[in-house]
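[1] need a structure here:
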Amino acid sequence: MPHDTTDLLDRLEAAVRELTWTMIDLDEDELHESAAAEEWSPIEILAHIKACDDIVTGRIATLLTHPHPTLANFDERAWAIIAGYAEAPVDQTLMALQRHRGEMVWQLRRLPTEAWDRTAQHETRGTLSLYELVRTFVEHEEEHVAQLDAMFEDDDDDDDEEE
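    Next up is the predicted model:
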């Protein structure tokens, strides 16, 4: 079954680009405030995205290199805390994410078509192909980028009105 990996990988690159443009100009207060008590702040969203990126990278390597791969069910929130991503300087986390994403996309673009159909057994999600794993990751990340954009949508509208 052919997959549109070009579009998928373009979206994977674009998500980090958009995340960077949204986060780069936020001041300390904006980084740490959330719209509601139970919602994440921008820095918590960034920490979550970076933790997910770390975890997915390992899953991709496992899926592509083991003959009968099994993917562990990691707690990305626990990893974000252990890694300290919410406390790290934002520019440091963004640069690391950009660099790593560039490597990931470059490596994935080099794969032969049949590699996208390789599968692994996930502890809780069942059998996943590489394509499904990456697609789910992209969709998840796009949701969080949209969540972040929505936080500052009113600010953009206010800026437009002032001009």
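
[2] mind picking out the helix or strand in the protein with the poorest mean pLDDT?
    Counting by mean pLDDT, DSSP states H and E, the weakest-scoring helix or strand in the chain turns out to be helix 153-162, with a mean of 55.

[3] the strands in the chain, which residues?
    Taking DSSP state E, the strands of the chain run over residues 70-71, 119-122, 126-129.

[4] go through the ones you listed and name the closest to L97.
    strand 70-71 (21.4 Å; Cβ to Cβ). (Glycine included, C-beta is placed from N, CA and C.)

[5] report all helices and strands that that closest one contacts.
    helix 42-65, strand 119-122 (3 or more Cβ pairs under 8 Å, 6 or more residues apart in numbering; DSSP states H and E).

[6] given the last one, what are its sheet partners and their directions?
    Partner strands for strand 119-122, per DSSP bridges, with pairing direction: strand 70-71 (parallel), strand 126-129 (antiparallel).

[7] out of the helices and strands packed on strand 70-71, which is the most enclosed?
    Ranked by mean neighbour count under mean count of other Cβ atoms under 10 Å, those are led by helix 42-65, which reaches a mean of 19.

[8] circling back: single out the most deeply packed of the strands paired with strand 119-122.
    strand 70-71 (a mean of 16).

[9] my read: W79 touches I55, true?
    Yes. Contact criterion Cβ atoms under 8 Å: W79 and I55 qualify, at 6.5 Å.

[10] quick one on the thing from earlier: dump the helices and strands packed on strand 70-71 to JSON lines, plus mean pLDDT and distance to A88.
    What follows is the helices and strands packed on strand 70-71, written out as JSON lines (pLDDT from 0 to 100; distance: least, Cβ to Cβ, whole Å):
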{"stretch": "helix 42-65", "mean pLDDT": "95", "distance to A88": "8"}
{"stretch": "strand 119-122", "mean pLDDT": "96", "distance to A88": "28"}
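
[11] make a markdown table out of the ones you listed and add distance to A36.
    Below are these laid out as a markdown table (distance: least, Cβ to Cβ, whole Å):
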| stretch | distance to A36 |
| --- | --- |
| helix 42-65 | 13 |
| strand 119-122 | 31 |
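
[12] right, and the ones you listed - which one's nearest D7?
    Judging the helices and strands packed on strand 70-71 by Cβ to Cβ, what sits closest to D7 is helix 42-65, at 18.0 Å.

[13] what helices or strands is the closest one leaning on?
    On a contact count with 3+ Cβ pairs under 8 Å, 6+ apart, helix 42-65 meets helix 5-23, helix 28-32, strand 70-71, helix 76-83, helix 90-109, strand 119-122, helix 130-151.
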